[in-house]
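**Student:** Structural data only, the sequence is not supplied:
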């Protein structure tokens with residue numbers, strides 16, 4: 001390995017691994033959703049946090065989705081509203 005290649009490799013290794021860091025709620029949303037349907041169904045909805053909350057209540061009560069505790073629900077709703085809310089471009 002030449003000096004420049006080694007320097008580049010070491011420089012890249014020192015960068016923070018932000019692309020691989022989990023986003024709060026992402027893993028939970030993916031796990032819950034893909035148990036019954038594609039994540040594409042979620043991605044196309046573009047709902048407000050309030051409506052996402054109503055949808056999750058419906059899924060627990062009518063579709064057999066496991067209930068989330070208050071903290072989990074808050075993280076999931078924050079994630080859905082931020083990444084799949086009405087203001088987010090498709």
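**Tutor:** Received the coordinates, thanks. Because the structure is predicted, anything quoted here is derived from the model rather than measured.
**Student:** Helix or strand next in line after the lowest-mean-pLDDT helix or strand in the chain, which one?
**Tutor:** The weakest-scoring helix or strand in the chain, judged by mean pLDDT, DSSP states H and E, is helix 3-13 (a mean of 52). The first helix or strand that comes after helix 3-13 along the chain, using DSSP states H and E, is helix 26-34.
**Student:** Identify each buried residue in stretch 48-65, please.
**Tutor:** Neighbour counts over stretch 48-65 (16 or more other Cβ atoms under 10 Å) mark 52-53, 55-56, 59, 65 as buried. Placement of C-beta: from N, CA and C, glycine included.
**Student:** which residues touch that stretch?
**Tutor:** With contact meaning Cβ atoms under 8 Å, 6 or more residues apart in numbering, stretch 48-65 is reached by 32, 35-36, 45, 47, 66-68, 73, 76-78, 80-81, 84-86.
**Student:** mind redoing it with 6 Å?
**Tutor:** Contact partners of stretch 48-65, identified using Cβ atoms under 6 Å, 6 or more residues apart in numbering, comprise 67, 77, 80-81, 86.
**Student:** Quick check, pLDDT for the most centrally placed residue in the chain.
**Tutor:** Nearest residue to the geometric centre of the chain (Cα atoms, centre = their mean): residue 26, 2.3 Å. Looking at residue 26, its pLDDT reads 94.
**Student:** quick one: low-confidence ranges for this structure?
**Tutor:** The chain contains residues with pLDDT under 70 at 1-19.
**Student:** which parts of stretch 30-39 are buried?
**Tutor:** Buried residues in stretch 30-39 (16+ other Cβ under 10 Å): 32-33.
**Student:** mind checking the end-to-end distance for it?
**Tutor:** End-to-end distance of stretch 30-39 (Cα to Cα, to the nearest Å): 7 Å.
**Student:** what's the closest of the contacts of stretch 48-65 to residue 41?
**Tutor:** residue 80 (12.2 Å; Cβ to Cβ).
**Student:** Which residue, other than its chain neighbours, is closest to that closest one?
**Tutor:** In this structure, residue 80 finds its nearest non-sequential neighbour in residue 52, 4.4 Å apart by Cβ to Cβ, 6 or more residues apart in numbering.
**Student:** can you give me how far the strand or helix carrying residue 53 is from the chain middle?
**Tutor:** Per DSSP H and E: residue 53 is located in helix 49-63. Remark: helix 49-63 is offset 17 Å from the chain centroid, using Cα atoms, centre = their mean, to the nearest Å.
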